Each structure stands twice: as structure tokens, then as C-alpha cells.
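Student: Here you go, sequence then predicted model.
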Amino acid sequence: MCIKVLFSRIHIVSVKVINLKKVFGEQVAVDSINFEIGEGEIVGFLGPNGAGKSTTMKMLTGFLPPTSGESWVAGFNVAKHPLEVKQNIGYLPEHNPLYLDVYVKEYLLFCAGIFKLKNKEARVKEIIEKVGLTPEYKKKIGQLSKGYRQRVGLAQALIHDPKVLILDEPTSGLDPNQIVDIRNVIKEFGKDKTVILSTHIMQEALALCSKVMIINHGVIVANDKVENLQNTAKTKTIIVLQLSKEIDLIHLEAVPGVLHVKRIAAHKYELECATDLREQLFFAVAQSGTAILNMQLEQQSLEEIFKVLTNPNFKK
């Protein structure tokens, strides 16, 4: 008898936060947030300036103690097991602190020494190749372009092969070519690590992340895949119709759920709808004796969703 056993992928929590709060004087920077991030996920951490992104990241790394609440990284409680957390976490802060008078290789050997790595020379050589520093590793860090300095920052964050990688604005101030290079490096390492990526660049979140967390005034207002955020943000659906001839707008406006109709070109209409009404519109247009040449559902951009979720008047 042949017995087939089906294995489903086990969801392993890599980062867990429960009621995490940070207060500076009378200002609540992070307000009792909760979230979990699974092993192998790349999560975009978005929010306006001062929303609490960097503060949250600093608490996860143990750099800042929380006012209250708890967090775990790679199974270790950040407050109770800080050394174990640091051994399992790689951190690239927004303002990448580097020793400018030190040579790239020497700096990475120093970082490897801090973690007491065996075969330091071999590990440094490996990480230099992986982050694309080979052409520049014999230079002093102060002689490098900003793009290569970011690579050095990534190299030090990865030198000890951490399970969790926290990157705070890793492409800030880089030119378009440098941005693409750094993104490719992050994407490659993100295949087998948990990555939390703070960014103001929406395209970056779309290009790299499996899901997005949005924080506003210290509160998590969204935590989901990008394609699911429309429901959270309660954004409207836009449908564009290209017809064979002109149609009386009343035929379109009469469809339940159509909020607004606008003629944008010859035989072309933009409809603002409460939900996806393509099937209903198909029959409504057909009954009017007009043919549909093209019907397109336009998803709300991440920028528009971000604006809605971080609006002071937004209510979940």
C-alpha cells in the first residue's frame, strides 16, 4: 500500500511584537503596536516622517528600550536575551555610520572579529563578492561613492549571516543606477532571510516586498499584501470603458454601485465605482446596443492607498 503524505509549509514567526510602546517625555512615538513577520518574508515598513518607523526598528535591535510591551527576534526576547538577538539580526540604520579612514576589507574584518567568526578572511571575501564590493575593497571607505558606502553598510549587516535583516532607508540619496543595484542585493539576500525594509519610496516597496506595514502616529494602520490594502483603505474602484460608439451616460450611471461617470475621450469613459462592477457594466452596455472594445480595471496605486491610510481623518 502506497501512503502519500502531504507536507504544507510551516509558518515560522521570525519577528513578533506585542503591545510595544515608546514614550519620549509627553510624546508617544510608538503606541502599543502588534505584528508578526514570518520567516523568509520581505516586509515594507512605510509611514510619514515621525510616524515611528525608526523608533520601532531601534527597539527591535535593542538599541532603544521600550517603555512597555515585548518583542522577539528569531525566537529570542529582545529585552531578556539581547546578545542572542544581536547575533541573529543585521541592522543598517538610516545614517550609515562608517569609519571613513579605514579600508573596506579592514573594516569588514573588524566587524567579523566583533562576532568572533571563524575563518574571518574567507567570510569577508565571500561577503565582498556577494554585495558587489570587489572593485572597491582595497580603497578607504571615505573614497567610496555613496552607493558603495551603502554596500559596505549592507556587508557589515550581513557579515555574521543573520536570520533577520533590518534596513532603514537603504537607498536614500542614491542615484537611479545605485538604487537598482542595492535593490538587487537586498532581493538576493531576502530569498533566505526575514527582511524589514523602511522606505519612503513606494516603488521600492512594490519591487521588493511581499507585504507592507504602514504606521501613522505610532499606530499600525495596515499590515497586508499590497493587493489586499484597497479593502483596508476603502479606496474606490476605477473602471475605464472604451466603446464602439457614444453612449448616453444614464445607462452607466444607472448601474448600482456606480458613483460617478466621466467622459475622458471619444467613446471612452472613466467610472468611479464602489467595487468591481465589470460584469454588471458588460450587460448594461450590451443592453444599450453598444459594443465594448476594451474594459480595464485600474488598481489604486500604493501612493494613493498610503495617502488614505495616513490621512488624519482616516478611520479603519
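Tutor: Structure received.

Student: Could you report the neighbour count for the closest residue to Ala207 other than its chain neighbours?
Tutor: Distance criterion C-beta to C-beta, 6 or more residues apart in numbering; nearest residue to Ala207, sequence neighbours excluded, is Arg183 at 6.1 Å. In short, each C-beta sits where N, CA and C put it, glycine included. By the criterion of other C-beta atoms under 10 Å, Arg183 has 19 neighbours.

Student: now Gly132
Tutor: Applying other C-beta under 10 Å, we find 17 residues neighbouring Gly132.

Student: now swap in Gln296 and tell me
Tutor: The burial count for Gln296: 11, using other C-beta under 10 Å.

Student: where exactly do the strands run in the stretch 51-200 of the chain?
Tutor: For the stretch 51-200 of the chain, applying DSSP state E, counting those that start in this stretch gives strands covering 68-73, 76-77, 89-92, 164-168, 194-198.

Student: which one of these lies closest to Gly47?
Tutor: Closest of the strands of the stretch 51-200 of the chain to Gly47 is strand 194-198, at 8.2 Å (criterion: C-beta to C-beta).

Student: The helix or strand following the closest one: how far from the chain's middle?
Tutor: Per DSSP states H and E, the first helix or strand lying C-terminal to strand 194-198 is helix 202-208. In terms of C-alpha atoms, centre = their mean, to the nearest Å, the centre of helix 202-208 is found 7 Å from the chain centre.

Student: Quick check: Glu279 is in a strand.
Tutor: No: read with DSSP: H, G, I helix; E, B strand; the rest coil, Glu279 is helix and lies in no strand.

Student: Could I get the contacting residues of the residue nearest to Ala207?
Tutor: Arg183 makes contacts with Thr171, Glu204, Ala207, Leu208, as judged by C-beta atoms under 8 Å, 6 or more residues apart in numbering.

Student: buried sites along stretch 206-222?
Tutor: Residues of stretch 206-222 classed as buried by neighbour count (16 or more other C-beta atoms under 10 Å): 208-209, 211-222.

Student: Also stretch 122-139?
Tutor: Neighbour-count burial for stretch 122-139 flags Arg123, Val124, Ile127, Ile128, Lys130, Val131, Gly132, Leu133, Glu136, Tyr137 (criterion: 16+ other C-beta under 10 Å).

Student: Now pLDDT too, for those residues, in CSV please.
Tutor: Formatted as CSV, the buried residues of stretch 122-139 follow (pLDDT from 0 to 100):
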residue, pLDDT
Arg123, 94
Val124, 94
Ile127, 92
Ile128, 93
Lys130, 87
Val131, 87
Gly132, 87
Leu133, 90
Glu136, 90
Tyr137, 89
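
Student: Pick out the most distant pair among those residues.
Tutor: It's Arg123 and Glu136 that sit farthest apart of those, by C-beta to C-beta, at 18.2 Å.

Student: Please export the C-alpha coordinates of stretch 278-289 as CSV.
Tutor: Output in CSV follows, covering the C-alpha atoms of stretch 278-289 (Å, rounded to 0.1, in the frame of the first residue of the first chain):
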residue,chain,number,x,y,z
ARG,A,278,-17.2,44.8,-14.8
GLU,A,279,-19.8,42.0,-15.1
GLN,A,280,-22.7,44.4,-14.5
LEU,A,281,-21.3,47.0,-16.8
PHE,A,282,-20.9,44.4,-19.6
PHE,A,283,-24.6,43.6,-19.5
ALA,A,284,-25.7,47.3,-19.1
VAL,A,285,-23.6,48.3,-22.2
ALA,A,286,-24.8,45.3,-24.2
GLN,A,287,-28.5,46.2,-23.5
SER,A,288,-27.9,49.7,-24.9
GLY,A,289,-26.8,48.2,-28.2
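
Student: what about Lys22, helix or strand, and which?
Tutor: Using DSSP H and E, Lys22 sits in strand 13-24.

Student: Quick one: name whatever helix or strand follows that strand.
Tutor: In the C-terminal direction, the helix or strand that comes right after strand 13-24 (DSSP H and E) is strand 27-38.

Student: Tell me the helices and strands packed up against that following strand.
Tutor: Secondary-structure packing of strand 27-38 (3 or more C-beta pairs under 8 Å, 6 or more residues apart in numbering; DSSP states H and E): strand 13-24, helix 53-61, strand 68-73, strand 194-198, strand 211-216, strand 219-224.
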